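Undergrad: Got a sequence here, can you model it:
(2 chains)
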Amino acid sequence: MSTIGPTIDLSNCDKEPIRTPGSIQPHGFLLTLTEGLEVLQASANLSSWTGCTAEYALGRPLAELIGEEATQNVAFRLSSQLGNRPFYVDTVTTGNGLHFDVLGHRWDEVIVMEFEPVDRSYPTDFRELYPLIGDFLLKVNDTTCLESLAQLACQHVRSVTGYGRVLVYKFDADGHGHVTAEAKDDTYASYMGQHFPASDIPAQARELYALSRIRLIQDARYSPTPLLPPVNPKTGKPNDLSFAVLRSVSPVHLQYMRNMNTMASMSVSLMVKGKLWGLISCHNESAAPVAFEKRTACEQLGQILALCIESREDGQELQFRLEVRRIMLSMLAGLTQSSDFIENLSSVFPDLLRFARASGAAIVVDDRILTYGDTPESDDIQELVNWLSLHDHGDMFHSDHLSSVYPPGSKMMRNASGLLAMPISRIHKHYLLWFRPEYVHTIEWAGYPHDKLVQSAAVQSPLPVQLSPRTSFAAWRETIHGVSHPWHSGEIELALEFRTALLGIVLERAEQMASLAGELTRSNKELEAFSYSVSHDLRAPLRHIVGFADLLLESAGSEDILQRERFLKNIKEAARMGGKLVDDLLSFSQMGRASMHPSMINMNEMVAACHEKLAPECRGRHIEWDIASLPEVWADPTFLQLAIFNLMSNAVKFTSQQAIAAIRINIEDRADETVFHVADNGAGFNMEYVHKLFGVFQRLHRMEEFQGTGIGLANVRRIIERHKGRVWAVSSPGQGATFSFALPKYNSLT
Amino acid sequence: MLKPILLVEDNPNDLELALIALTRSQLANQVVVVRDGAEALDYLHRRGEYAQRPPGYPAVVLLDLKLPKVDGLEVLKQMRMTEALKALPVVMLTSSKEEQDVVRSYELGVNAYVVKPVEFTEFLRAIADLGVFWAVVNEPPPGSQRYSKPLNS
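TA: Predicted coordinates:
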């Protein structure tokens, strides 16, 4: 998001032929050569350096200009090293006794050879520069802060070049430059902390800076010297001088330099992760050459600084993200506290603010709005959410200048200039919003940034605007309104991650709700069965009591003692049955409600206890018990004992008509469950009715055959199902029955 | 001979009370008692232990709704699916006033639905009224025999 109002880049600058200016700076001369080292083109200033005119040189062998020996030397180096970046070939002395450093590179189908005058006849010596680089490298390790590292680089570059002012210049996302470090002579004005508008360095220039890492303009008052012939004979077009160190620069830029009272400038590109991060920019008030070896040293310094920036920024980024992630994780942990999602989210409001470094946050769920911290009014938030939902912004919307995209945002600029909005449902209009307040700040521009634009507006013409470099470099303050601190890419990415986690939690909640609903349906059904049974089964014994009591009253005078005894017996039996029904109903309802407290249970002891409890019912019976050695299981002891007792008591009951009853209890130890079997040789049942077996108040036998209320097995099922296990039975009439249940070995019982 | 009344009742107390009620209504019809739904169907279809019974159908089936194994609704359903038993009068006798039971019974084509009164005198009257209405007053569907041979109980 732009931090200043109008766009100030002039597209006209972008149309300057900066790569193919057709001319060079005249502080050296340039030749283009064939592979056979014959001259194809020469800069027009050739004669002033060598006494030989460019016209004369064309088509002649290089040896005629620099001598046989030097040419052989050059040829040798060219064959072994020449690439498309200039490298130092040799230092040569021409016929007139002048010495030149020779740089060569292959580009645009020719060999480009550049000659820069030096005052020595021997090759350049890098030795004196090593200590400078070495010193910088040593200090790099001791300097943790980027600003002081950049400062250090400025000092070193300044001592290498001798330039009056060296600054490190960082580009922001919009191409505006910001001076972050500076080393200068006392007489030079300071640019420290100032901003340079993006238009100062147009996009195509920045592109070229990324390719060619260093450039020098040693005298801004130079008159460019053309190449002869003006087009590259190999391509038929003006030469691409992208990598030529003598490449002539835009006259607009020269004017800019002169306006800035800078006669010499050099800039080194700072490339971080393949992108132009910034520049080391050197200025001098008077023209000043920088020799090749010094430029090389500066370039290396720049590379080292860029590497440092990269690693520091990576480290800071990592640190930042770790911190944001830490907050996110603590938030997520807090989000599982209660079953109410909204309540959960609002309980971590303080963390929500810290997470996004926001001053206000809001949760919007349909028409319900919960806010925390400094936020706009609920109505404004609702309106904003309506707008957000209409403009599909995908997973996340963020802006540090809300009013620029959402005009009604201008009335909530104070606390919501920045907005990070996250939909938290794919279906509903549910949002999590973070607000950042307006960050009113001033930017100190190195000159009025809208200069060119103002001029172009004044022209009031649809025709291309005349390029005009800005003339003012006096500091100019601009106050920025309606803008918040920008959202960090790490914050946005982690917010997305947070959203995924949130949706996961919401989904889990939904599943839990679904399972609760299922549970509710089940318990409703049981409740129905319960009330049905109360009305049906409980009314029966009452009716019997009333009926036989009436009959008894009627027969009060009669002599039929036996009949009266039977009526009395029936009454007693009905009353007993009624009582038992009430007890069983209560126990069944408790079974569904009571909370479980599982522990490791010794099944041997439990079965033995049930066996003992059954003793009265077994009296006078011949029962052969066959009880295997049983393992331990994880279950609620009270519940499990009831289930086991029911099954064992059933077995005793349904074998009552056998002369010799056989009851066998054993275990099957399976990988994921423990299966418990109670087998008997009793009456059994028809498998046709097995679906009714475990239902509430279902009986498969007549009352007088086997007494019971039809609740025992329903209880067993309820108990086992609450342990997340399953129950079943196998039988055939007269052949006995086997009742089984399986308990899972690994589960979290609730 | 009068057609019998088929009483389907599993609970011995209910059975005794119902028999007393029917006896007091002074109906001449014989009462055949079966103890669960499966037995009732066996009786009606003349199969299983009733394979040897003489042919003919009862005047009315007094059917307890809640029975072991095959319950009253199931018996009713199976009767209505059988051509010969389709028109046979069936009275559902039950302790349940549950709407679903009433609705379901009528859906399946029950002729009457009687909730057994808790008060014994009312119970007596209800059973007596039923017997009289279905065994005596009611005109059976055409083609059904009004009389049959006596059943051995």
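
Undergrad: For stretch A:17-30, measure first residue to last.
TA: Using C-alpha to C-alpha, to the nearest Å, the span of stretch A:17-30 from its first residue to its last is 19 Å.

Undergrad: Ok, stretch A:653-671 next?
TA: 33 Å.

Undergrad: Can you tell me the SS state at the residue of the stretch 151-300 of chain A found nearest chain B?
TA: Ranking the residues of the stretch 151-300 of chain A by distance to chain B (C-beta to the nearest C-beta) places A:A173 first, at 70.4 Å. To be clear about C-beta, it is placed using only N, CA and C from the backbone, and glycine gets the same treatment. Following DSSP: H, G, I helix; E, B strand; the rest coil, A:A173 is assigned to coil.

Undergrad: And the helices in chain B?
TA: B:12-24, B:37-45, B:72-81, B:99-107, B:120-132 (DSSP state H).

Undergrad: same question, the stretch 501-650 of chain A
TA: A:539-554, A:561-593, A:603-613, A:615-618, A:637-654 (DSSP state H, counting those that start in this stretch).

Undergrad: again, but for the stretch 301-450 of chain A
TA: According to DSSP H, counting those that start in this stretch, the stretch 301-450 of chain A carries its helices in the segments A:341-347, A:349-355, A:378-390, A:402-405, A:413-416.

Undergrad: Next, count neighbours for residue 40.
TA: All of this is about chain A. Neighbour count of A:L40, defined by other C-beta atoms under 10 Å in any protein chain shown: 21.

Undergrad: Correction: the question concerned chain B.
TA: Around B:A40 there are 29 other residues, counting by other C-beta under 10 Å.

Undergrad: Kindly provide the distance from it to B:A21.
TA: Distance of B:A40 to B:A21, given as C-beta to C-beta, to the nearest Å: 19 Å.

Undergrad: Residues of chain B that sit close to chain A?
TA: Proximity of chain B to chain A, by C-beta under 8 Å from any C-beta of the partner chain, involves residues B:10-14, B:16-17, B:20, B:35-36, B:66, B:68-70, B:94-98, B:116-121, B:123.

Undergrad: Would you mind listing which of these are buried?
TA: The neighbour count (16 or more other C-beta atoms under 10 Å in any protein chain shown) marks B:10-11, B:13-14, B:16-17, B:20, B:35-36, B:66, B:68-70, B:94-96, B:98, B:116-118, B:120, B:123 as buried among the residues of chain B next to chain A.

Undergrad: Flag the shaky bits of the stretch 601-750 of chain A, pLDDT-wise.
TA: Counting by pLDDT under 70, the stretch 601-750 of chain A contains low-confidence ranges at A:696-697, A:699-700, A:702-708, A:746-750.

Undergrad: Thought A:L420 was touching A:H398, still the case?
TA: Yes: using C-beta atoms under 8 Å, A:H398 is in contact with A:L420, at 4.6 Å.

Undergrad: which one of these two has more residues nearby?
TA: More neighbours surround A:L420 than the other of A:H398 and A:L420, with 24 against 21 (other C-beta under 10 Å).

Undergrad: ok, that one to B:V33 distance?
TA: A:L420 is 81 Å from B:V33, by C-beta to C-beta.

Undergrad: now do A:M192
TA: Going from A:M192 to B:V33 by C-beta to C-beta gives 112 Å.

Undergrad: Compare the two (neighbour count), which wins?
TA: The residue with more neighbours, out of A:M192 and B:V33, is B:V33; 18 against 14, by other C-beta under 10 Å.

Undergrad: if I look at the more buried one, how far off is A:F29?
TA: 131 Å.

Undergrad: thinking again about what came up before, joint contacts of A:H398 and A:L420?
TA: Residues touching both A:H398 and A:L420 (C-beta atoms under 8 Å, 6 or more residues apart in numbering or on different chains) are A:W487, A:I492.

Undergrad: and the gap between the residue located most distally from the centre of chain A and B:N29?
TA: No residue in chain A sits farther from the centre than A:E559, which is 95.4 Å out by C-alpha atoms, centre = their mean. Distance of A:E559 to B:N29, computed by C-beta to C-beta: 30 Å.

Undergrad: again, but for A:D583
TA: Taking C-beta to C-beta, one finds A:D583 at 41 Å from B:N29.

Undergrad: Could you check the pLDDT of A:R354?
TA: Predicted confidence (pLDDT) for A:R354: 91.

Undergrad: What is the neighbour count of it?
TA: Neighbour number of A:R354 under other C-beta under 10 Å is 17.

Undergrad: what sits against it?
TA: A:R354 is in contact with A:I327, counting by C-beta under 8 Å, 6+ apart.

Undergrad: now swap in A:L353 and tell me
TA: A:L353 makes contact with A:S359, A:G360, A:A361, A:Y372, A:G373, A:W434 under the criterion C-beta under 8 Å, 6+ apart.

Undergrad: Could you tell me which of the residues you listed are located in strands?
TA: Among the contacts of A:L353, DSSP state E puts A:G360, A:A361, A:Y372, A:G373, A:W434 in strands.

Undergrad: Tell me which two of the residues you listed sit farthest apart.
TA: Spatially, the most separated pair among the ones in strands among the contacts of A:L353 is A:Y372 and A:W434, at 10.2 Å (C-beta to C-beta).

Undergrad: between the two, who's got more neighbours?
TA: The neighbour comparison of A:Y372 against A:W434 (other C-beta under 10 Å) goes to A:W434, with 26 against 18.

Undergrad: my read: that one touches A:L419, true?
TA: Yes: using C-beta under 8 Å, A:W434 is in contact with A:L419, at 7.2 Å.

Undergrad: Output the lowest mean pLDDT helix or strand found in chain A.
TA: Every helix and strand of chain A was ranked by mean pLDDT, DSSP states H and E. The lowest is helix A:451-459, at a mean of 41.

Undergrad: what about the stretch 351-500 of chain A, any weak spots by pLDDT?
TA: The stretch 351-500 of chain A contains residues with pLDDT under 70 at A:392-393, A:426, A:447-475.

Undergrad: likewise the stretch 201-350 of chain A?
TA: Residue ranges of the stretch 201-350 of chain A with pLDDT under 70: A:336-337, A:339.

Undergrad: which residues of it fall in strands?
TA: In the stretch 201-350 of chain A, the strands defined using DSSP state E, counting those that start in this stretch lie at A:214-217, A:225-228, A:264-272, A:275-284.

Undergrad: and these as JSON lines, adding distance to chain B?
TA: Formatted as JSON lines, the strands of the stretch 201-350 of chain A follow (distance: least, C-beta to the nearest C-beta, whole Å):
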{"stretch": "strand A:214-217", "distance to chain B": "92"}
{"stretch": "strand A:225-228", "distance to chain B": "103"}
{"stretch": "strand A:264-272", "distance to chain B": "77"}
{"stretch": "strand A:275-284", "distance to chain B": "75"}
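
Undergrad: Which one of those strands lies nearest to A:C298?
TA: Among the strands of the stretch 201-350 of chain A, strand A:264-272 comes nearest to A:C298, with 5.3 Å by C-beta to C-beta.

Undergrad: Output the contacting helices and strands for that closest one.
TA: Counting contacts by 3 or more C-beta pairs under 8 Å, 6 or more residues apart in numbering or on different chains; DSSP states H and E, strand A:264-272 is packed against helix A:203-211, strand A:214-217, strand A:275-284, helix A:292-334.

Undergrad: The second one - contacts with which helices or strands?
TA: Contact analysis of strand A:214-217 by 3+ C-beta pairs under 8 Å, 6+ apart lists helix A:251-259, strand A:264-272, helix A:292-334 as its packing neighbours.

Undergrad: hang on, A:L132 in a strand?
TA: No: looking at A:L132 with three-state DSSP, it is helix, so not inside a strand.
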